[in-house]
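Student: Structure for the following, please:
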Amino acid sequence: MPTSNPTVFPRCDWTRGDSRVLLFRAQRPGLFSPAQATRWHRLQPVGSSEARRACCEPSSETTVIPSLLPGPEAPKTAPTRALTPRPDSARGVRAFETTARACCEQSSETTVIPSLLPGPEAPKTAPTRALTPRPDSALGAGTRATVISPPAFHRDSPLRTALLLAAALPFLCAAQTAPTPPRLTLQEAEGIALRNHPQIQAAQNEINYANQQIVAGRAAYYPTITGDLTATQANHLAQIGAGDLSSSRLYDRVGQGIVVNQLITDSGRTSNLVSSSRLQAQAATQNSQVTRFDVLIEVNRAYFDVLHAQAVIKVAQQTVAARQLLSDQVAELAKNQLRSQLDVSFADVNVSEAKLLLLRAQSAIQQAQAELGRAMGSDQPANYQLADEPLPPGPAATPDELVAQALGNRPELAALRFTRDAAYKFADAEKDLSKPTVSAEAVAGLLPFINATSVPIEYEGIAANLSIPVFNGHLFSARREAATQRAMESDQRLRAEQQQVARDVRVAWANANDAFQRLDVTAQFVRQAALGVDLAQGRYNLGLSSIIELTQSQLNLTQAEIENLSAKYDYQTQYAALQYSVGLLR
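Tutor: Here you go, the predicted structure:
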């Protein structure tokens, strides 16, 4: 496996103007040409005009920094030492072959700082320790070189994982102390909501009410039987008094009997009322399906919101850990006077922004859990371990078929159709008020005591009655016209709802299609942002850019990861909304 050579920053002041010469090895593919990537390069400070080789010898003040972007071409040689110009050089600024082996032995004092972001091809080797020159070397005794070696800190390295886990240790400890919440799938959440949600229970009560209206309407088909028990007392020889004929009799008596009334025909009014009640009951059943769909779509939205919030928390925790690691590294480099305090400030600001992101994510998940609990019919937050749902298939190519399907499936439209038909049946019943009504009545009973000798103690009778409305101040005509207008209103409401459903389907299809397309775009966004972070980190490590460029690239990566998560769960939510608009959410 290839090993990494350190990049050298000579810590010496040159005799002519410029302060430093940076020698580094560029091994990152795409950053330099293949020819450049196979050898050491030299960056002259701004203002230098000579690029000749410098003749240098080791310096007593040496800081050896590892190659920050190791690659597969790294030579398996000992670290290169810092060089200072020889006194016999023309300008005192010359460098000789940088692959000279160091004449050093290991020191007991070691300063190890990991490379900030090397590529995936970084070797998985132990960090290089501090080196001190051999007594027989040109450096002589008493000098020391501090080597900061890259400990294979790439994405798959054990060390990177260990450092990130160490940064996230408080969160892991908190998770271990809390009990593991029960696992919950989307189907289970929907089942709990359908059993417990009060709106589902209220819709069922509405169905029961509508069914009882059918029974109430059909009661006119059956006879009404009432029992009477009467006792009266009047003055002596009094027989009649003021009032209508049936209530003016003043005989002293005690009587008991029954009265039976039966409707023979009301010219179809009762039949139309019963039909209207049946249609209203069917409309109530469809409205119950509407309520069921509303509860299911709310459960779906809240469920995916919780999954989204949980994923954002993971991203926020990783962001905090990564930025804290960078901040610690920059602070360590600042202690060695390799970075400025401005860089430390920017790194600390970056950490604070990541912590704010984590706080917002924690608040968002609490809100999402509360919303999921409400959607499931509970007043407590839904503290569950939610199972991730697979991505649904892509939406249809055009929404036209979905619109036609929705017009036949949506329960709102079915409920409005039943309501419209019930309104027309009620209008027909109101028209029947002006038609004749035929009824029959029968009475029978006993008079155990009566103050009249000519009256028998038993009585019975039967009668038929024909009622023909003649004039009642336009009451029936007004009721008939009001019912007709209400039926016509139902027609227009149905038409308006059909247009609304067609619009909802097209909007839901557009939203689902947009969310589906964003899946690939955000995935590419993440890849590009990750590459940008790698390049910005490399440029920052080599001193070619400021920390502002690095922090901006890290911000772009965090935004890309959040956008990618949002696209995933937004598509699942929008697909559920599309199924709801088509009437297929069961």
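Student: So, low pLDDT: which residues of the stretch 151-300 of the chain?
Tutor: Within the stretch 151-300 of the chain, the segments meeting pLDDT under 70 span 151-178, 237-250.
Student: Buried residues of the one helix or strand residue 554 maps to, list them for me.
Tutor: Here residue 554 sits within helix 547-582, counting by DSSP states H and E. By 16 or more other C-beta atoms under 10 Å, the buried positions in helix 547-582 come out as 547, 549-551, 553-558, 560-582. Just so you know, the C-beta spots here come from the backbone N, C-alpha and C atoms, and that holds for glycine as well.
Student: ditto for stretch 370-380
Tutor: Residues of stretch 370-380 classed as buried by neighbour count (16+ other C-beta under 10 Å): 370, 371, 372, 373, 374, 375, 376, 377.
Student: so the third one makes contact with residue 299?
Tutor: Yes - with contact taken as C-beta atoms under 8 Å, residue 372 and residue 299 are classed as touching, separated by 7.4 Å.
Student: quick one: common contacting residues for those two?
Tutor: Common neighbours of residue 372 and residue 299 (criterion: C-beta atoms under 8 Å, 6 or more residues apart in numbering): residue 189.
Student: Tell me where the stretch 401-550 of the chain has helices.
Tutor: Secondary structure of the stretch 401-550 of the chain (DSSP state H, counting those that start in this stretch): helices located at 411-431, 475-541, 547-582.
Student: Which elements pack onto the last one?
Tutor: If contacts are counted by 3 or more C-beta pairs under 8 Å, 6 or more residues apart in numbering; DSSP states H and E, helix 547-582 sits against helix 269-335, helix 341-375, helix 400-409, helix 475-541.
Student: out of the ones you listed, nearest to residue 420?
Tutor: helix 475-541 (3.8 Å; C-beta to C-beta).
Student: do you know how far the closest residue to residue 197 other than its chain neighbours is from residue 436?
Tutor: Closest residue in space to residue 197, ignoring its immediate chain neighbours: residue 377 at 3.6 Å, by C-beta to C-beta, 6 or more residues apart in numbering. Relative to residue 436, residue 377 is positioned 53 Å away (C-beta to C-beta, to the nearest Å).
Student: and if you look at residue 193?
Tutor: 54 Å.
Student: ok, the two, which is more surrounded?
Tutor: residue 193 (25 against 12; other C-beta atoms under 10 Å).
Student: packing partners for the helix or strand encompassing the more buried one?
Tutor: Remark: residue 193 resides in helix 186-196, with elements defined by DSSP H and E. Of the remaining helices and strands, those touching helix 186-196 by 3+ C-beta pairs under 8 Å, 6+ apart are helix 269-335, helix 341-375.
Student: which outside residues touch that helix?
Tutor: Residues contacting helix 186-196 (C-beta under 8 Å, 6+ apart): 200, 292, 295-296, 298-300, 303, 372, 375-378, 382, 384, 387, 389.
Student: Just the buried positions in the helix or strand just after that helix, please.
Tutor: Helices and strands here follow DSSP H and E; after helix 186-196, the next one along the chain is helix 198-218. Buried positions in helix 198-218, judged by neighbour count with 16+ other C-beta under 10 Å: 200, 203, 206, 207, 210, 213, 214, 217.
Student: Could you tell me the angle between helix 198-218 and helix 186-196?
Tutor: With axes from the mean of the first three to the mean of the last three C-alpha atoms, to 10 degrees applied, the angle from helix 198-218 to helix 186-196 works out at 50 degrees.
Student: Who are the packing partners of helix 198-218?
Tutor: Helix 198-218 is packed against helix 269-335, with contacts defined by 3+ C-beta pairs under 8 Å, 6+ apart.
Student: between the helices of the stretch 401-550 of the chain, which gets nearest to residue 266?
Tutor: Shortest distance between residue 266 and those, using C-beta to C-beta, is found for helix 411-431: 9.3 Å.
Student: orientation of the closest one relative to helix 198-218 in degrees?
Tutor: Per the same axes, to 10 degrees, the angle that helix 411-431 makes with helix 198-218 is 20 degrees.
Student: From the contact counts, what lies against helix 411-431?
Tutor: Counting contacts by 3+ C-beta pairs under 8 Å, 6+ apart, helix 411-431 packs against helix 269-335, helix 475-541.
Student: In a markdown table: these, plus distance to residue 254.
Tutor: Putting these into a markdown table (distance: least, C-beta to C-beta, whole Å) gives the following:
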| stretch | distance to residue 254 |
| --- | --- |
| helix 269-335 | 38 |
| helix 475-541 | 41 |
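Student: With residue 395 as the reference, name the closest of the ones you listed.
Tutor: Nearest of the helices and strands packed on helix 411-431 to residue 395, taken as C-beta to C-beta: helix 475-541 at 4.6 Å.
Student: now the closest one and helix 400-409, what's the angle there?
Tutor: Using the same axes, to 10 degrees, the direction of helix 475-541 lies 140 degrees away from that of helix 400-409.
Student: what's the average pLDDT for helix 475-541?
Tutor: The pLDDT scores in helix 475-541 average 94.
Student: wait, which of the helices of the stretch 401-550 of the chain is closest to residue 469?
Tutor: Residue 469 sits nearest to helix 475-541 of all those, at 6.4 Å, using C-beta to C-beta.
Student: angle of that closest one against helix 269-335?
Tutor: Counting by the same axes, to 10 degrees, helix 475-541 lies at 10 degrees to helix 269-335.
Student: ok so, going back, for the buried residues of stretch 370-380, which one is nearest residue 280?
Tutor: Taking the buried residues of stretch 370-380 together and measuring to residue 280 by C-beta to C-beta, the closest member is residue 377, at 26.8 Å.
Student: Can you say which helix or strand has that closest one in it?
Tutor: Under DSSP H and E, no helix or strand contains residue 377.
Student: on that earlier part again, now the helices and strands packed on helix 186-196 in JSON lines, with distance to residue 527?
Tutor: Formatted as JSON lines, the helices and strands packed on helix 186-196 follow (distance: least, C-beta to C-beta, whole Å):
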{"stretch": "helix 269-335", "distance to residue 527": "16"}
{"stretch": "helix 341-375", "distance to residue 527": "21"}
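Student: Highest mean neighbour count out of the ones you listed?
Tutor: Sort the helices and strands packed on helix 186-196 by mean neighbour count, taking mean count of other C-beta atoms under 10 Å, and helix 269-335 sits at the top with a mean of 21.
Student: So which other helices or strands are in contact with that helix?
Tutor: If you count contacts as 3+ C-beta pairs under 8 Å, 6+ apart, helix 269-335 packs onto helix 158-167, helix 186-196, helix 198-218, helix 341-375, strand 385-386, helix 411-431, helix 547-582.
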